[in-house]
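Trainee: this one's sequence-less:
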DNA sequence: ATTTATACTGTACATATGTTCAATAAAATT
DNA sequence: AATTTTATTGAACATATGTACAGTATAAAT
């Protein structure tokens, strides 16, 4: 399978477009392979030549979204060994802007009955963004746990935001995040 | 459908046992309704009389586990004194003992390709346990976000523990958690 | 013990999955 | 332009899903 073959490109584009169209009317988990192929006007065997299930197509969408997240990740952690709440500027928090940008996709990723694979893609991306150019050699065995703790805490905020149907503005979320970082338990 | 009917009780018990047996050999997502019914020696129509999919049976297991998690928060604390009680609410760290107790189930819940519904069951349970602990009337709009932040942060540690194949002891996890709390706050 | 209620079975049917393969069409290569 | 390569098609097949319903078995109720 040559991904540069024009036939492959056309077929995949058709499948992508078809999925986006069907997602406007029904949840991801209700979309059948047969239905998707009919919409894309391709043979069902062709689908199975490229994918295993409908979710794999959505995964390709989300992989591109994860690339965008990598570019726009949370700035406050970038230049500090540990979180310093005094240098946290709400305007530099980029993740909530990113989430809002792809709100429609995150509504799917964070829904109740979808595969956990997308959640872990998000988790790993946020986590690795925290890890890059951060010197944590002094922390020892606790380091991987610290990253997972912090990354998933952020997703906790995103889940809550999602459950509020993303009503709060991006700026509200930035302020809210800084507020929680400053809190004492 | 009367859940006290002996026929219902027997059928459900059979399905439960069958699922536990099949789970020893293959992941939850690979277990078919047909297969489960054959193992339980019941008609496939009977399954659909009680459930919609195989995951619903696993959900019943996990509902009971969530009850145990709730109970573990209500029991009086009698644990090793490896934790400085004055720096941390000891109720919080009882969770790792619970996770270890049901390790086999959490390996399914936290796996890559399972429904997010179990994750959210865990999230909501941990979150509500936090809520009953805390007096947060003074926090205002930030409160629901604070709970989601903290609850999911804990799950972040559990995810990392899961990815380490639960090699660290429960006591290690308790100390590790305290360590992270101290470095953040 | 008899009647009543209903969970369960067996069957059937329409639809969907997942795979295979020869034929075809469309691209890349020469 | 001719040839080679291979993505795509269409068809077939075994298996699984989801639903429906009449008949049966088993429990509860009288």
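Mentor: Arrived safely, thanks for sending. The structure presented is a predicted model; accordingly, all values stated were derived computationally and were not measured.

Trainee: buried stuff in the helix or strand of chain A with the lowest mean pLDDT?
Mentor: None of the helices or strands of chain A scores lower by mean pLDDT, DSSP states H and E than helix A:170-182, at a mean of 94. Buried residues in helix A:170-182, counted by 16 or more other CB atoms under 10 Å in any protein chain shown: A:170, A:173, A:174, A:175, A:176, A:177, A:178, A:179, A:180, A:181. Heads up, the C-betas are built off the backbone N, CA and C, glycines and all.

Trainee: how about stretch A:43-60?
Mentor: Buried positions in stretch A:43-60, judged by neighbour count with 16+ other CB under 10 Å: A:46, A:47, A:50, A:51, A:54, A:55, A:57, A:58, A:59.

Trainee: roughly how far apart are the spatially most central residue of chain A and residue B:17?
Mentor: Geometric centre of chain A, nearest residue: residue A:122, 4.2 Å, by CA atoms, centre = their mean. Applying CB to CB, to the nearest Å, the value for residue A:122 to residue B:17 is 36 Å.

Trainee: how about the contacts made by the nearest residue to residue A:146 once chain neighbours are set aside?
Mentor: Spatial nearest neighbour of residue A:146, chain neighbours left out: residue B:180 (5.6 Å); criterion: CB to CB, 6 or more residues apart in numbering or on different chains. Residue B:180 is in contact with A:142, A:145, A:146, A:149, B:157, counting by CB atoms under 8 Å, 6 or more residues apart in numbering or on different chains.

Trainee: can you list those in TSV and add distance to DNA strand D, secondary structure and neighbour count?
Mentor: Below are these laid out as TSV (distance: CB to the nearest atom of the strand, whole Å; DSSP: H, G, I helix; E, B strand; the rest coil; neighbours: other CB atoms under 10 Å in any protein chain shown):
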residue	distance to DNA strand D	secondary structure	neighbour count
A:142	43	helix	16
A:145	38	helix	22
A:146	41	helix	23
A:149	37	helix	26
B:157	35	helix	22
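
Trainee: between those, which sits nearest residue A:96?
Mentor: residue A:149 (19.3 Å; CB to CB).

Trainee: which residues of chain A lie near chain B?
Mentor: Counting by CB under 8 Å from any CB of the partner chain, chain A comes close to chain B at A:82-83, A:110-117, A:119-120, A:123, A:139, A:141-142, A:144-157, A:159-161, A:164, A:176, A:179-180, A:183-185.

Trainee: just the buried ones among those, please.
Mentor: Buried subset of these (neighbour count, 16+ other CB under 10 Å): A:110-111, A:114-117, A:119-120, A:123, A:139, A:142, A:144-157, A:159-161, A:176, A:179-180.

Trainee: in strands, which of the residues you listed appear?
Mentor: The strands, defined by DSSP state E, take in nothing from these.

Trainee: report the separation between residue A:64 and DNA strand C.
Mentor: The gap separating residue A:64 from DNA strand C is 22 Å, by CB to the nearest atom of the strand, to the nearest Å.

Trainee: what score does that residue have for pLDDT?
Mentor: Each residue has a pLDDT score; the one for residue A:64 is 97.

Trainee: does DNA strand D have contacts with the helix or strand hosting it?
Mentor: Element membership of residue A:64, judged by DSSP states H and E, is helix A:54-71. No: Helix A:54-71 is not in contact with DNA strand D by CB under 7 Å from any atom of the strand; minimum separation 13.5 Å.

Trainee: helix or strand next in line after that helix, which one?
Mentor: Counting by DSSP H and E, what follows helix A:54-71 is helix A:95-101.

Trainee: list the buried residues for that following helix?
Mentor: Across helix A:95-101, burial judged by 16+ other CB under 10 Å covers A:95, A:96, A:98, A:99.

Trainee: what's it packed up against?
Mentor: Applying 3 or more CB pairs under 8 Å, 6 or more residues apart in numbering or on different chains; DSSP states H and E, we find helix A:95-101 packed against helix A:54-71, helix A:143-163, helix A:170-182.

Trainee: try 7 Å
Mentor: Identification of packing neighbours for helix A:95-101 by 3 or more CB pairs under 7 Å, 6 or more residues apart in numbering or on different chains; DSSP states H and E yields helix A:170-182.

Trainee: got the angle between the helix it packs on and helix B:143-163?
Mentor: Counting by axes from the mean of the first three to the mean of the last three CA atoms, to 10 degrees, helix A:170-182 lies at 70 degrees to helix B:143-163.

Trainee: pull the distance from helix A:170-182 to the chain's centre.
Mentor: 20 Å (CA atoms, centre = their mean, to the nearest Å).

Trainee: can you check stretch A:94-114 too?
Mentor: How far stretch A:94-114 lies from its chain's middle: 6 Å, per CA atoms, centre = their mean.

Trainee: got the contact list for stretch A:151-166?
Mentor: Stretch A:151-166 is contacted from outside by A:95, A:99-100, A:103, A:106-107, A:110, A:122-123, A:126-127, A:130, A:168, A:173, A:177, B:144-145, B:148-149, B:151-153, B:155-156, B:159, using CB atoms under 7 Å, 6 or more residues apart in numbering or on different chains.

Trainee: okay, domains of chain A per the record?
Mentor: A:1-52, A:55-184 (automatic domain parsing).

Trainee: which of those has the lowest average pLDDT?
Mentor: domain A:55-184 (a mean of 87).

Trainee: quick one on the thing from earlier: and the contacts of residue B:180 as JSON lines, adding distance to residue B:70?
Mentor: Below are the contacts of residue B:180 laid out as JSON lines (distance: CB to CB, whole Å):
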{"residue": "A:142", "distance to residue B:70": "29"}
{"residue": "A:145", "distance to residue B:70": "25"}
{"residue": "A:146", "distance to residue B:70": "28"}
{"residue": "A:149", "distance to residue B:70": "23"}
{"residue": "B:157", "distance to residue B:70": "19"}
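
Trainee: which one among the residues you listed gets closest to DNA strand C?
Mentor: residue B:157 (33.8 Å; CB to the nearest atom of the strand).
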